[in-house]
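J.: My questions are about this predicted structure, shown below with the sequence.
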Amino acid sequence: MTLSFENFITAQEIMADALVIINDEEQKLFRPGWYQRNIHTGMKRLNYAAPYLRTYTDIPIPENLIIDVPAGVFNIVDIFVWSGEDCVLSETQRVFHKDGFFTSGHLKGSTARNNGQSDLFINQYGSASSILYYNTHNGSIMLSDACYGYDYIRLVYDGFPKSASDAKFIPDFCREALVGYVVERAFFALQGRDLAYNRLYLTAKNDLYVSPNPGEPSKWDFALRMMKKLDKKYMDDLAEYLSKMAY
Amino acid sequence: MATWRQVVYDTWSSLKQAFDDGDISISHVQYWVSVHASQLLSQHIDKRDSGAHLTEFHNIQVSTDPITGYKYVDLPADIFDYDKDGGIEFISYGVCVDDCTPPFTSVMFSRITPSASRLLYFTEEERPTPANPYFYRIDDRIYFLGLECINACGIDMAIYMTVDPMTCDLDDDFPLPDELIPVLIRRVLDIGRFVMSMPTDRINEGDTTVGGSQNIPTSKLISVNSMNQPSAAEQQAMIAAQQQQQQQ
């Protein structure tokens, strides 16, 4: 999905709408951090279902070839290694996943079900000794010895930005869904203080998840659809690419 | 707007005690007026969302407890003890954080209790920080969470103050809306009337002595050892005179 930076809004804008509906402009029913956390939770739910933030990061390859997965990453899309400077990349290579590969570092050996044997999958990409591969374990990325000598690893991933109330990270079309989500969570929590809030909770829940008219999506579904649907060129190119079976 | 003098003297004169030997003094009336004004003002603020009775204090210096190291300020005045420390409308930094906007629009201190504050440290969004500070009240002190690692110079605070019964200047404006003054005067008059309706409690009639007040001698008691003891004839004459009085 491609959006201009101007099409993103902050968590504060969601709060401004939600607080009026909840009648808590002075933020005395719930603390400001509570609202902020629920906005991020709602955005994460949408993001897990329809990732909208695909980005990359370059990490220097350490001596032991074990890298911590950066914060916010929840779905690795691709991994490359490269050498050179930031402005001029060279020796770019793709890194493949090898199932069950575990190592404690460079030249310290490794284990895998097909360790030392020809790998049916990665053998298609070159000789066994030159294949670059990785595995993830406990929040770390373990690289094979063949990756030693490269300067950087480029991680392409679906991720989530670090939470900050004044950072623009919410697509504008998610506004209604997130306002509805925060309102629904607030009334749900208020039921614990007074059961009279039950009616408001049910109203808020219907408003968020139930279609207002036949054929129209609910606020939540609308946000999900938009996150999946936008970027027409990407969708068109993908369709053409798949139709030519050139992959 | 009425002044303290108008309200107090009006009430005092209505009680008909405005003379030197009156049982109810002017200071007495002033105390009653201030106490009842506090009660009425408390109800008034609770019912109406208004800033008419909000008092703001600027640049209150933050102190550090020498024993615990906690940051705190003392309340600048007595406040109404509303639910969830509602007597404190807001606390904010005393300096502008953003451009041109008042400090209280930038960073507000959220209210918490000491026992609930542990939860704040469980999540990143709610963790107390200088950008997301909290306050809690113990007695007349306001303690802060999130300011531990910075030197906060001064803070701004807006509170709902009670009516000070020690107000000395009667020419100050009376802190109650005019529409509530008749209610206040009526209440104070009721108290005054109640006090003045119990005069018997203030006179010692000796009712607690054995046999009641009838046994209290009405004539002068004379000691048998007195140097001025009357003769036997004089005593008989006195007794006869008393008996005659009783018969009459």
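T.: Cool, the structure landed. Numbers count the residues shown, from 1 in each chain, chains lettered A, B, ... in the order given.

J.: Okay, helices next: where are they in chain B?
T.: B:4-14, B:26-47, B:181-196, B:232-247 (DSSP state H).

J.: Could you check how far the first one is from the centre of its chain?
T.: Pointing back at helix B:4-14 there. 18 Å (C-alpha atoms, centre = their mean, to the nearest Å).

J.: Tabulate the CA atom coordinates of that helix in CSV.
T.: Below are the C-alpha coordinates for helix B:4-14, written out as CSV (Å, rounded to 0.1, in the frame of the first residue of the first chain):
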residue,chain,number,x,y,z
TRP,B,4,-18.3,39.9,53.5
ARG,B,5,-19.3,42.9,55.5
GLN,B,6,-22.7,43.1,53.9
VAL,B,7,-23.5,39.5,54.4
VAL,B,8,-22.2,39.2,57.9
TYR,B,9,-23.7,42.4,59.2
ASP,B,10,-27.0,41.7,57.5
THR,B,11,-27.2,38.4,59.2
TRP,B,12,-26.0,39.7,62.5
SER,B,13,-28.6,42.5,62.6
SER,B,14,-31.3,40.1,61.6
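
J.: Point me to the residue of chain B nearest chain A.
T.: B:Glu126 (3.1 Å; C-beta to the nearest C-beta). C-beta coordinates here come from the backbone N, C-alpha and C atoms, glycine included.

J.: State the distance from that residue to A:Asn47.
T.: 21 Å (C-beta to C-beta, to the nearest Å).

J.: try B:Arg141
T.: The gap separating B:Arg141 from A:Asn47 is 44 Å, by C-beta to C-beta.

J.: In terms of neighbours, single out the busier of those two.
T.: Taking other C-beta atoms under 10 Å in any protein chain shown, B:Arg141 and A:Asn47 do not tie; A:Asn47 has more neighbours (22 against 14).

J.: Number of residues surrounding the residue nearest to the more buried one when sequence neighbours are not counted?
T.: The shortest distance from A:Asn47 to any residue other than its chain neighbours is 5.7 Å, reached at A:Phe160 (C-beta to C-beta, 6 or more residues apart in numbering or on different chains). The local packing of A:Phe160 (other C-beta under 10 Å) involves 19 other residues.

J.: List the contacts of A:Phe160.
T.: A:43-44, A:47, A:53, A:72, A:74 (C-beta atoms under 8 Å, 6 or more residues apart in numbering or on different chains).

J.: Run through the residues of chain A sitting next to chain B.
T.: A:27-28, A:31-34, A:36-37, A:40, A:163 (C-beta under 8 Å from any C-beta of the partner chain).

J.: A:Phe74 - that's part of a strand, no?
T.: Yes: A:Phe74: assigned to a strand according to DSSP: H, G, I helix; E, B strand; the rest coil.

J.: per-residue confidence for it?
T.: On the pLDDT scale, A:Phe74 is placed at 87.

J.: what sits against it?
T.: Going by C-beta under 8 Å, 6+ apart, A:Phe74 touches A:48, A:157-160.

J.: and which of those is nearest chain B?
T.: Nearest to chain B among the contacts of A:Phe74, with distances taken as C-beta to the nearest C-beta, is A:Phe160, at 12.8 Å.

J.: What residues are bridge-paired with A:Gly159?
T.: A:Val73 (DSSP bridges).

J.: how close does it get to A:Ala71?
T.: In terms of C-beta to C-beta, A:Gly159 sits 8 Å off from A:Ala71.

J.: Ok, A:Thr57 next?
T.: Relative to A:Ala71, and taking C-beta to C-beta, A:Thr57 is found at 10 Å.

J.: For A:Cys174, state which of the contacts of A:Phe160 is nearest.
T.: A:Met43 (6.9 Å; C-beta to C-beta).

J.: Help me confirm that that closest one is found in a helix?
T.: Yes: according to three-state DSSP, the state of A:Met43 is that of a helix.

J.: thought it was touching A:Arg175?
T.: No: under the criterion of C-beta atoms under 8 Å, A:Met43 is not in contact with A:Arg175, lying 11.0 Å apart.

J.: quick one: which of these two has more around it?
T.: Each of A:Met43 and A:Arg175 has its neighbours counted (other C-beta under 10 Å); A:Met43 has more, 25 against 16.

J.: ok, that one - contacts?
T.: A:160, A:169-170, A:174, A:178.

J.: which of the residues you listed has the most neighbours?
T.: Compared across these, A:Leu178 has the highest neighbour count, 30 neighbours, by other C-beta under 10 Å.

J.: Which secondary structure state is assigned to it?
T.: Once three-state DSSP is applied, A:Leu178 turns out helix.

J.: what about it, distance to A:Leu190?
T.: A:Leu178 sits 19 Å away from A:Leu190, going by C-beta to C-beta.

J.: which one of A:Gly159 and A:Ala71 has more residues nearby?
T.: Higher neighbour count among A:Gly159 and A:Ala71: A:Gly159, with 23 against 10, using other C-beta under 10 Å.

J.: give me every residue that touches the more buried one.
T.: Here A:Gly159 is in contact with A:53-55, A:70, A:72-75 (C-beta under 8 Å, 6+ apart).

J.: Of these, which is the nearest to B:Ala241?
T.: A:Gly72 (115.8 Å).

J.: Going by neighbour count, list what's buried in stretch B:125-143.
T.: Within stretch B:125-143, the residues scored as buried using 16 or more other C-beta atoms under 10 Å in any protein chain shown are B:125-126, B:128-129, B:132-137, B:142-143.

J.: Can you give me every residue that contacts the residue of chain A found nearest chain B?
T.: Closest contact between chain A and chain B, by C-beta to the nearest C-beta, is at A:Gly33 (3.1 Å). A:Gly33 makes contact with B:110, B:120, B:123, B:125-127, B:132 under the criterion C-beta under 8 Å, 6+ apart.

J.: Check the gap between it and B:Ser38 for me.
T.: 35 Å.

J.: coming back round to it: would you mind writing the ChimeraX command to select the buried ones in the contacts of A:Gly159?
T.: Applying 16+ other C-beta under 10 Å to the contacts of A:Gly159 leaves a buried subset, and the ChimeraX line that selects it is:
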select /A:53,73
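
J.: Quick check: the farthest pair among the contacts of A:Gly159?
T.: Largest separation among the contacts of A:Gly159 by C-beta to C-beta: A:Arg54 and A:Pro70, giving 14.1 Å.

J.: so which strand or helix has A:Thr57?
T.: strand A:54-60 (DSSP states H and E).

J.: So, low pLDDT: which residues of the chain?
T.: No chain was given, so I picked chain A. For chain A, applying pLDDT under 70 flags the ranges A:1-3, A:86-87, A:116-130, A:161-166, A:235, A:238-239, A:242-247.

J.: my bad, chain B
T.: The model of chain B has pLDDT under 70 over residues B:18, B:96-99, B:198-231.

J.: Show me which residues of it sit near chain A.
T.: Counting by C-beta under 8 Å from any C-beta, chain B sits next to chain A at B:84, B:108, B:110-112, B:120, B:123-127, B:132, B:134.

J.: What is the nearest of the residues you listed to B:Gly94?
T.: Nearest to B:Gly94 among the residues of chain B next to chain A is B:Met108, at 12.8 Å by C-beta to C-beta.

J.: ok, now which ones touch that closest one?
T.: By C-beta under 8 Å, 6+ apart, the residues touching B:Met108 are A:27, A:32, B:90-92.

J.: ok, now with 7 Å
T.: Neighbouring residues of B:Met108 by C-beta atoms under 7 Å, 6 or more residues apart in numbering or on different chains: B:90, B:92.
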